[in-house]
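[1] Below is the structure, and that's it, no one-letter string:
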């Protein structure tokens, strides 16, 4: 059983995705409680779940969660049922997210946190976009399916890191030149909008071949690149069948997304045109975080071949207005929790100051907008509502009245204006069809530039085995230098690049190593990391396992955390980067005032069961010290573990 639900502040279902088993179970409960009538033929489910049924069945849990959160400040993080079913909770912008399944709590929390990050990439702070746009619902559903499928078979996606496709300098140079030419052509070919802040990427299968960013553009974060990889895979016209069941039972049984409020969505053409497709090119408006705040990008994707994907994207508006909207939406969500609560006046004042700061940033950015005809009426409306709120707030403070109760309706009206303005300024799809002709020509030229390398790159992606910086030193040959070592994953968490042998199962030893063992190793390691353990070994009947997470300064000298990780790790994001950079957060709390001066690395090792602990430790040290011979990135590591 597996389901993800989003509830708004009125406890209405905004989004639902579930598998057939969950559907059948809900139908049976509805019949038992008299909420629905029998359908005949003893078949509990012959269609999509009724929205009202979900609301009625989950209303007690959702209402209880709201009360615990708003009135007691002690919301549930999870519920464990006697039959093994687990429910995990999280919130974003005042919306309640639930993930239900039979997997462990940590596994479900990880799925839910990544799902929320997908919502942020698609909707930004305006989660109600899912209510208005069936296209956004479909994209969100497809992204979740794609990520679950990739995570079930791709070890780089499993550890949330990027695998670099290593090729010779000639091919690398040709790829970079093609990407550079694409960004240059994009900038010079457009006159109606600014494309100066652009990026171009090439993925071969799930591996990154090359990335180029224009001089004006802010660098993409590793999590942004991973998201673009997942988005590209979700749009790939020819890809591996998604019929294989993962541990999360995501496909093939997951139903299509329930489309809520069809009457509303049919009247919102702007929302429905966020995605744009023509021929072999797919285009979307998504938000990427970069180093600071989520900013909208127009993303164009095409496939040069079955496994070669070209991505061209450009930033659509400035960071300041996006930051203002994010702060304003977040403050409004906090205001909704003030109703009926005993929040201290100082806290209320802080929330209002944040809201005021966000609205001010929005107005300041709107003054710099070139074409103001479309946004001027909305700007005036927002200004009018904001002036009313400021006046009422001053009266509340003066008369010592309840701010939440007095301002609830005014803040709700302000939120409507914010949403209308946000859709025009930060989530408009106007540029997608306008730029189609130019982008199509640019992508065609890039495809021609790399045509001679297509077959080689496709073959290379399947066996990324010639990673080398020295003559004929391959990663497979490197593995042979460690007798008893079956597999390893080395991850540089500075740029989140993973180095690992290909899973080919061609020898007797590797035949014993099922993919399941590696996936279980990573999951168990994450459980221990959440307890603050950064180095440990364990074994089963077949293999010995080891995991290490360590820190260095810029010269490669090992560093010990100044603060015990066990005391802070529970407050950090889940291990990974898609739902927040766990490793950067860990560095920030363990090494205060050393921002940018600390590097983080991970190493997973699997040995045959006969290997001794001393042998495993010796191999681990040698890998950490010499893997640069394979990756080409030198490191002077000594006595890490």
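    That came through, no problem. Remember, predicted model here, so these are calculated numbers, not experimental data.
[2] What pLDDT is listed against residue 186?
    Looking at residue 186, its pLDDT reads 90.
[3] so which helix or strand takes in it?
    Using DSSP states H and E, residue 186 sits within helix 169-189.
[4] so how far is that helix from its chain's centroid?
    With C-alpha atoms, centre = their mean, to the nearest Å as the basis, helix 169-189 stands 27 Å off its chain's centre.
[5] Stretch 419-434 too?
    Using C-alpha atoms, centre = their mean, the offset of stretch 419-434 from its chain centre is 22 Å.
[6] pLDDT of that stretch, averaged?
    Mean predicted lDDT for stretch 419-434 stands at 83.
[7] That stretch: which residues count as buried?
    Across stretch 419-434, burial judged by 16 or more other C-beta atoms under 10 Å covers 419-423, 425-432. C-beta: built from backbone N, CA, C; applies to glycine.
[8] show me what contacts the residue nearest to residue 563 when sequence neighbours are not counted?
    The shortest distance from residue 563 to any non-neighbouring residue, by C-beta to C-beta, 6 or more residues apart in numbering, is to residue 590 (5.2 Å). Applying C-beta atoms under 8 Å, 6 or more residues apart in numbering to residue 590 gives the contacts 551, 561, 562, 563, 565, 568.
[9] just the buried members of those residues?
    Among the contacts of residue 590, the ones that count as buried by 16+ other C-beta under 10 Å are 551, 561, 565, 568.
[10] For the third one, give its distance to residue 582.
    Put plainly, it is residue 565. Residue 565 sits 11 Å away from residue 582, going by C-beta to C-beta, to the nearest Å.
[11] what does residue 293 give?
    On the measure of C-beta to C-beta, residue 293 and residue 582 end up 19 Å apart.
[12] Which one's more surrounded, those two?
    Higher neighbour count among residue 293 and residue 582: residue 582, with 22 against 18, using other C-beta atoms under 10 Å.
[13] Could you double-check that that one sits in contact with residue 573?
    Yes: at 4.9 Å, residue 582 and residue 573 qualify as touching, with contact defined as C-beta atoms under 8 Å.
[14] Where do the domain boundaries of the protein fall?
    2-129, 147-242+272-316+435-462, 320-426, 465-631 (automatic domain parsing).
[15] hang on, residue 538 in a helix?
    No: read with DSSP: H, G, I helix; E, B strand; the rest coil, residue 538 is strand and lies in no helix.
[16] Relative to residue 75, how far out is residue 354?
    From residue 354 over to residue 75 the distance is 21 Å, taken as C-beta to C-beta.
[17] Same question for residue 308.
    46 Å.
[18] Could you do residue 82 as well?
    22 Å.
[19] More neighbours: the two, which one.
    residue 75 (16 against 5).
[20] That one: helix or strand, and which one exactly?
    With DSSP H and E as criterion, residue 75 is part of no helix or strand.
[21] which residues does the nearest residue to it once chain neighbours are set aside contact?
    Spatial nearest neighbour of residue 75, chain neighbours left out: residue 69 (3.8 Å); criterion: C-beta to C-beta, 6+ apart. If you count contacts by C-beta under 8 Å, 6+ apart, residue 69 has them with 75, 91, 337.
[22] which residues of the stretch 151-300 of the chain fall in strands?
    198-204, 207-213, 276-278, 281-288, 295-305 (DSSP state E, counting those that start in this stretch).
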